[in-house]
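pasted the sequence and its predicted model underneath.
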Amino acid sequence: MHKAHIFFAFLVAFIIGVFAGSYFDISKTVSLLLMIPASVAVLIFWKRSWVVVLVGLCLIFFIGGMLRFNDVFSRD
């Protein structure tokens, strides 16, 4: 994959995360617990399987989008 395709995948994951964050109210604790398996997958498969690394990073960006939406709209 080209760098532009990878960037686009991260961008789409973040935007879908913001969209999902508008429908689901997930706490920061649950979000961070969901990030742990994705981070572990990225660390374990860094040089072995780039597909797993891409999926793990997309999941991290997805959860980051959800956290971003919840952080912005939780303020008064």
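Structure received.

residues touching Ser22, list them.
Phe69, Phe73 (C-beta atoms under 8 Å, 6 or more residues apart in numbering). The C-beta positions use only the backbone N, C-alpha and C, and glycine is treated the same way.

and it, which helix or strand is it part of?
helix 3-23 (DSSP states H and E).

so what touches the longest helix along the chain?
Longest helix in the chain by number of residues (criterion: DSSP state H): helix 50-73. Residues from elsewhere that reach helix 50-73 (C-beta under 8 Å, 6+ apart): 1, 6, 9-10, 13-22, 24-26, 28, 31, 34-35, 38-39, 41-42, 45-46.

mind listing what's buried in it?
Buried residues in helix 50-73, defined by neighbour count with 16 or more other C-beta atoms under 10 Å: 53-67, 69-70.

on that earlier part again, just the buried members of the contacts of helix 50-73?
9-10, 13-14, 17-18, 21, 31, 34-35, 38, 41-42, 45.

ok, those residues vs Ser74, which is closest?
Closest approach between the buried ones among the contacts of helix 50-73 and Ser74, by C-beta to C-beta: Gly21, at 10.5 Å.
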